[in-house]
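Visitor: Would you be able to build a 3D model of this:
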Amino acid sequence: MEKYFQLKANNTTVKIEFIAGATTFLTMAYILAVNPGILSATGMPAESVFTATALASLIATLVMALVAKLPFALAPGMGLNAFFAFTVVLGMGYSWQFALTAVFLEGIIFLVLSLFNVREAIINLIPANIKRAISVGIGLFIAFIGLQNAGIIVNNDAVLVGLGSIANPMALLAVIGLVITAVMIAYKITGALLWGILISTAIGIPLGVTNLEGFRLFSAPPSLAPIFFQFEFAQIFTLDMLLVLFTFLFVDIFDTVGTLIGVSNKAGMMTADGKIPRAKQALFADAVGTTVGAMLGTSTVTTYVESAAGVEEGGRTGLTALVTAGFFALALFLSPLFLLVPGAATAPALILVGVFMMGPVREIDFSDITESVPAFLTMVMMPLAYSIAEGIVWGLISYVVVKALSGKGKEISIATYVLAAILLLTFVI
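Guide: Model (predicted):
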């Protein structure tokens, strides 16, 4: 493992990587419960979707671990699964087989784009200050997710979002867990985020948040047969397929690009010229995950922002992802155990990761309005629009427009102009 992952060169150890991988898994394990719940609204069997979710996450994260050798985990993406279920199937009236076909085609296209370095080129076109803002924006976004999962931030009809009641056991557990985890970090306890999740889960038992009712340790994985390789290839050349496919492509490209930039920045892995090491291989893992995931019967697979939790624990190599993949394999047979961890127990880790990802804001040049406005929009639109992709779109378009109208258009490359024009057209449509 030392030779393959170069642990010493990356200033890490097997112990650190294991803790990081376990932390990443526990912060994203909710997808094993949430994804089947969302896709089952289309008529897909929830039990089969669970197996597809775990297997797709396992395979994609293994590719990330062994090919890209980066500490990032992948799983079916939130937002993309909602678009799959509620827009394509329930909204547009298409079958879930039609939606799976679009996801499969998306994966094939991504494999081709990765082969020709197209997505890697998009990463390199993003200006330095926007890249820094992406890291900060993801921090705000992931903290917002944690606050929502705990019920600290709730829906409010009057002002969209509002403060929930701390008397709510979930919110109370999250606050207790946040204090405990923050204190452990202050004392520099190894694996503080992981310990915080486990301790919070235990405290949740007397609070009634951690549900032990009907708990059993072992559960055989349900069959994939009802959803395996269920495609409608006769619909490939329709206009609706083109529109659905384009939306999947657009959102996933910028979700993945944003996550890779943000988490790599946090890990200190970005090169001096702002590039992500082995980005091509990382994007290949995303493409493989999406393609295989569609064959298994689940929505688009993407790199998870929760990987930042493992990075914060010290994960720096593919061994972190390998450990996370191992936990997804265990989850196939021990799903009741992993699904026991409530969202309120992982919320403190997500909130604290948000804190840790604020650092790059110090490097943004706020004295130059042509740099600060795009950076600010990138940061603020991610949590407010609940989308990494939307944050990047607003940031890049405003960067080009403000620079050009301020007489600084020569600072922008032709390729960046073209990218911004495509994004603007997409935004208008």
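Visitor: ok, and for the helix or strand encompassing L330, which residues are buried?
Guide: Using DSSP states H and E, L330 sits in helix 318-338. Using 16 or more other Cβ atoms under 10 Å as the test for burial, helix 318-338 gives 318-328, 331-332, 334-335, 337-338. Quick note: C-beta positions are derived from backbone N, CA and C, even for glycine.
Visitor: CA atoms only: put it into PDB for me.
Guide: Output of helix 318-338 as PDB, limited to C-alpha atoms (Å, rounded to 0.1, in the frame of the first residue of the first chain):
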ATOM      1  CA  GLY A 318      -6.700   6.600  -2.900                       C
ATOM      2  CA  LEU A 319      -6.500   4.400   0.200                       C
ATOM      3  CA  THR A 320      -9.100   6.700   1.700                       C
ATOM      4  CA  ALA A 321     -11.400   6.000  -1.200                       C
ATOM      5  CA  LEU A 322     -10.600   2.300  -1.000                       C
ATOM      6  CA  VAL A 323     -11.700   2.200   2.600                       C
ATOM      7  CA  THR A 324     -14.900   4.000   1.700                       C
ATOM      8  CA  ALA A 325     -15.500   1.500  -1.100                       C
ATOM      9  CA  GLY A 326     -15.000  -1.300   1.400                       C
ATOM     10  CA  PHE A 327     -17.700   0.200   3.700                       C
ATOM     11  CA  PHE A 328     -20.100   0.300   0.700                       C
ATOM     12  CA  ALA A 329     -19.400  -3.400   0.200                       C
ATOM     13  CA  LEU A 330     -20.200  -4.100   3.800                       C
ATOM     14  CA  ALA A 331     -23.300  -2.000   3.600                       C
ATOM     15  CA  LEU A 332     -24.700  -4.500   1.100                       C
ATOM     16  CA  PHE A 333     -25.000  -7.000   3.900                       C
ATOM     17  CA  LEU A 334     -25.000  -4.800   7.000                       C
ATOM     18  CA  SER A 335     -27.300  -2.100   5.800                       C
ATOM     19  CA  PRO A 336     -29.400  -1.900   9.000                       C
ATOM     20  CA  LEU A 337     -26.200  -1.000  11.000                       C
ATOM     21  CA  PHE A 338     -25.100   1.800   8.700                       C
END
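Visitor: Show the subsequent helix or strand relative to that helix.
Guide: Using DSSP H and E, the helix or strand that follows helix 318-338 towards the C-terminus is helix 343-356.
Visitor: Send over that following helix as CSV, restricted to the C-alpha atoms.
Guide: The C-alpha trace of helix 343-356 is given here as CSV (Å, rounded to 0.1, in the frame of the first residue of the first chain):
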residue,chain,number,x,y,z
GLY,A,343,-28.7,12.7,9.9
ALA,A,344,-28.5,14.7,13.1
ALA,A,345,-25.4,12.6,14.1
THR,A,346,-23.5,13.4,10.8
ALA,A,347,-24.6,17.1,10.8
PRO,A,348,-21.9,18.2,13.2
ALA,A,349,-19.2,16.8,10.8
LEU,A,350,-20.7,18.5,7.8
ILE,A,351,-21.0,21.9,9.7
LEU,A,352,-17.4,21.7,10.8
VAL,A,353,-16.2,20.7,7.3
GLY,A,354,-17.9,23.9,6.2
VAL,A,355,-15.9,25.8,8.8
PHE,A,356,-12.6,24.2,7.5
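Visitor: Spatially nearest residue to G409 (excluding sequence neighbours)?
Guide: Nearest residue to G409, sequence neighbours excluded (Cβ to Cβ, 6 or more residues apart in numbering): K403, at 5.9 Å.
Visitor: Give the buried residues for the helix or strand where the one you found lies.
Guide: Per DSSP H and E: K403 is located in helix 388-405. Buried residues in helix 388-405, counted by 16+ other Cβ under 10 Å: 388-404.
Visitor: Grab the most central residue of this protein for me.
Guide: For the chain, the residue sitting closest to the mean C-alpha position, by Cα atoms, centre = their mean, is Y304 at 2.4 Å.
Visitor: Enumerate every residue touching it.
Guide: T24, M28, I31, F72, A73, L74, A75, G77, T259 (Cβ atoms under 8 Å, 6 or more residues apart in numbering).
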